[in-house]
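> Based on what follows, work out the 3D shape:
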Amino acid sequence: MGEQKWLVIRCPGCKLCFGHRSVSGRCPHCGQRVQEDAEVCFIASSSSELRMEVALANTPEPLRDALREKLSGNELLFDQPQAPSPHVLIDLVRRRCDEDNSVGRVTVNSILASKHADMDADGLMERAEQEGLVLRIGDGRWQFLE
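The predicted structure follows:
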């Protein structure tokens with residue numbers, strides 16, 4: 001399952017750029033409705049790349065190269081590993097189940113650590129419980145229903 005792409009869209013009203021998953025909705029700057037024919041300036045593959053490209057698109061042309069150089073050097077802002085969404089993490093956990101379709105806390109925590117996720121096993125699996133995907137069958141042990 002691949003992650004979705006982000007679009008850098010130029011608002012036809014205020015001419016400022018913003019990021020969105022699709023060419024629809026409203027501009028966050030001026031509130032104008034954005035139509036399917038709006039200008040897509042860039043397609044980003046991650047939220048960190050999106051942040052940088054939106055900032056550059058909203059910067060006057062003569063300053064873009066200098067800003068790109070400064071932003072590219074700021075690893076804390078743009079080069080942090082991106083953790084997958086909780087839905088993707090739950091799917092990864094499901095794939096690591098035992099033969100009885102269950103999984104333990106240690107396995108879930110190892111998956112979360114390998115994906116640089118900022119949550120613990122209990123938090124992720126509690127979410128899966130709330131969505132009706134798993135049942136808690138013991139302390140630190142869950143069974144998938146599907």
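> Now the phi/psi pair for Asn58, please.
Main-chain dihedrals, Asn58, degrees, to the nearest 10: phi -90, psi 10.
> In this structure it contacts Cys17, no?
Yes: between Asn58 and Cys17 there is a contact under C-beta atoms under 8 Å: 5.3 Å. For glycine as for every other residue, the C-beta is placed from the backbone atoms N, C-alpha and C.
> which regions of this structure lie under the pLDDT threshold?
For the chain, the stretches flagged by pLDDT under 70 are 1-4, 73-83.
> Can you list the residue ranges for strands in it?
Remark: strands assigned in the chain by DSSP state E are 6-10, 17-20, 39-44, 102-104, 134-138, 141-144.
> what pairs with the second one, and is each one parallel or antiparallel?
Yep, that's strand 17-20 we're talking about. Strand 17-20 has its sheet partners listed here by DSSP bridges as strand 6-10 (antiparallel).
> quick one, domains of the chain?
As assigned by automatic domain parsing, the chain contains the domains 6-78, 86-144.
> Please produce JSON lines containing those domains, extended by mean neighbour count.
Shown next, in JSON lines, are the domains of the chain (neighbours: other C-beta atoms under 10 Å):
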{"stretch": "domain 6-78", "mean neighbour count": "15"}
{"stretch": "domain 86-144", "mean neighbour count": "15"}
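> tell me the contacts of Gln35?
Counting by C-beta atoms under 8 Å, 6 or more residues apart in numbering, Gln35 makes contact with Pro12, Val23, Ser24.
> Would you reformat those residues as TSV and include distance to Val106?
What follows is these, written out as TSV (distance: C-beta to C-beta, whole Å):
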residue	distance to Val106
Pro12	52
Val23	44
Ser24	43
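> Cool, thanks, talk later.
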